[in-house]
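Student: Starting from these lines, generate the structure:
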Amino acid sequence: MELFLEQFPIVVKALNVGFLQTLKLFLVTLIGAFPLGLIIAFGSMSRFAPLRYFTRLLVWIIRGTPLMIQLLIIFYFPSLVLHTPIWGGTQSGRFLAASVSFILNYACYFSEIYRGGIQGIPVGQTEAGLVLGMTRSQIFFKVTLLQMIKRIVPPMSNEIITLVKDTSLAQIIAMQELIWAGEAFMKGSQGISGAIWPLFFTAVYYLFFNGILTILLGQLERKLDYFR
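Tutor: Numbers count the residues shown, from 1 in each chain. All right, here's what the predicted structure looks like:
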């Protein structure tokens with residue numbers, strides 16, 4: 001018991017540092033993936049066939065391969081081809097590589113949710129807007145967009161919750177996020193060797209963060225009930 005009390009402050013401090021990296025990666029991914037996903041969705045619905053085929057091929061590849069493999073390719077492949085580690089060996093470089101991987105991956109998933117939400121709006125509403133003299137951009141922002149948001153909140157919520165857990169994959173390129181911090185105590189790199197109990201505390205961080213997100217996303221969904 002005394003050993004546990006001695007180790008506890010050290011563990012909590014290290015896990016807090018790892019959690020901040022996890023939170024940072026989570027926020028950067030959302031900030032980048034939300035707009036990029038919408039752009040990809042427009043590309044996949046484009047009337048210009050080459051652009052449509054290219055974006056759909058990209059989405060198919062990204063969704064059909066594991067995120068872990070994508071992380072490894074994006075981090076290691078450029079240095080193998082260019083013979084220069086473009087990301088560098090620092091934690092900031094690893095974070096940047098992880099951010100690019102996560103943004104691209106989740107943008108492709110978000111794009112399909114966007115596309116489903118947009119195509120789920122009755123075509124008659126667009127036709128009615130055109131009859132009233134509205135431009136297609138006005139129809140999208142004033143008619144389609146708000147209804148699309150209501151439709152995509154539940155599937156988006158699932159993807160956002162999944163993103164929190166997927167950030168643990170960044171440890172594959174030695175980014176020092178939450179899981180990496182927990183495993184460090186087993187390896188002794190934090191001055192404590194063979195301690196497995198810190199890994200169980202990482203679950204508490206994930207549960208707490210996901211609990212907050214679940215409440216916030218649930219409130220957002222209830223506020224959008226006026227579309228019914």
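Student: For this protein, give me the ranges with low pLDDT.
Tutor: 1-8, 186-195, 226-228 (pLDDT under 70).
Student: on contacts alone, who are the packing partners of the lengthiest helix in it?
Tutor: If each helix of the chain is counted by residues according to DSSP state H, the longest one is helix 2-44. On a contact count with 3 or more CB pairs under 8 Å, 6 or more residues apart in numbering; DSSP states H and E, helix 2-44 meets helix 49-64, helix 91-119, helix 145-166, helix 178-187, helix 197-223. Just so you know, the C-beta spots here come from the backbone N, C-alpha and C atoms, and that holds for glycine as well.
Student: Can you tell me the SS state at Met134?
Tutor: Following DSSP: H, G, I helix; E, B strand; the rest coil, Met134 is assigned to coil.
Student: now swap in Phe140 and tell me
Tutor: What three-state DSSP gives for Phe140 is helix.
Student: That one: neighbour count?
Tutor: The number of residues packed near Phe140 is 17, by other CB atoms under 10 Å.
Student: Also Glu112?
Tutor: Neighbour count of Glu112, defined by other CB under 10 Å: 18.
Student: separation between it and Pro78?
Tutor: For Glu112, the distance to Pro78 equals 27 Å [CB to CB, to the nearest Å].
Student: What of Tyr109?
Tutor: Tyr109 sits at a distance of 24 Å from Pro78 (criterion: CB to CB).
Student: Show me which of those two is the more surrounded one.
Tutor: In this view Tyr109 and Pro78 are compared by other CB under 10 Å, and Tyr109 has more residues nearby, 21 against 15.
Student: Please state the backbone phi and psi of His83?
Tutor: phi 60, psi 30 (degrees, to the nearest 10).
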